[in-house]
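Engineer: fold the following for me, if possible:
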Amino acid sequence: MRKEEIKKEVISLIADTLEIEKENINEKSNLVSDLDVESLDLVGLVVAFEDKYNVEIPDSEIKNLQTVEDIISFIEKNV
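Structural biologist: The predicted structure is shown next:
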């Protein structure tokens, strides 16, 4: 899977899950400070990514997913 394709899917999934416009999300967006992701939102996002990409995101790894770029990189490495 190409990075550009993953990026597009990740942004769409974040937008759908958080109910925000895709245009407000980019690779540098910080989940907490830019997108106002709270802990329950983060759990929902993790489940959505795990389902979409059939990958397990360990709890210890979740804290490292600070930006959209972090999520894209994680998926690239683990799918």
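Engineer: for residue 1, see how far away the most centrally placed residue in the chain is.
Structural biologist: With distances taken as CA atoms, centre = their mean, the chain has residue 71 as the residue nearest its mean C-alpha position (4.7 Å). For residue 71, the distance to residue 1 (CB to CB, to the nearest Å) stands at 14 Å. C-betas here are computed from N, CA, C, even on glycine.
Engineer: now swap in residue 72 and tell me
Structural biologist: Residue 72 sits 11 Å away from residue 1, going by CB to CB.
Engineer: same deal with residue 45?
Structural biologist: Taking CB to CB, one finds residue 45 at 19 Å from residue 1.
Engineer: excluding chain neighbours, what is closest to residue 27?
Structural biologist: residue 69 (4.4 Å; CB to CB, 6 or more residues apart in numbering).
Engineer: okay, stretch 25-35 in PDB with CA atoms only?
Structural biologist: Provided in PDB are the C-alpha atoms of stretch 25-35 (Å, rounded to 0.1, in the frame of the first residue of the first chain):
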ATOM      1  CA  ILE A  25      -6.700  17.600   8.800                       C
ATOM      2  CA  ASN A  26      -3.200  17.200   7.400                       C
ATOM      3  CA  GLU A  27      -0.100  15.100   8.200                       C
ATOM      4  CA  LYS A  28       1.200  17.500  10.700                       C
ATOM      5  CA  SER A  29      -2.100  17.700  12.700                       C
ATOM      6  CA  ASN A  30      -1.600  16.900  16.300                       C
ATOM      7  CA  LEU A  31      -4.400  14.700  17.500                       C
ATOM      8  CA  VAL A  32      -4.800  16.500  20.900                       C
ATOM      9  CA  SER A  33      -3.900  20.100  20.300                       C
ATOM     10  CA  ASP A  34      -5.100  20.500  16.700                       C
ATOM     11  CA  LEU A  35      -8.000  18.000  16.500                       C
END
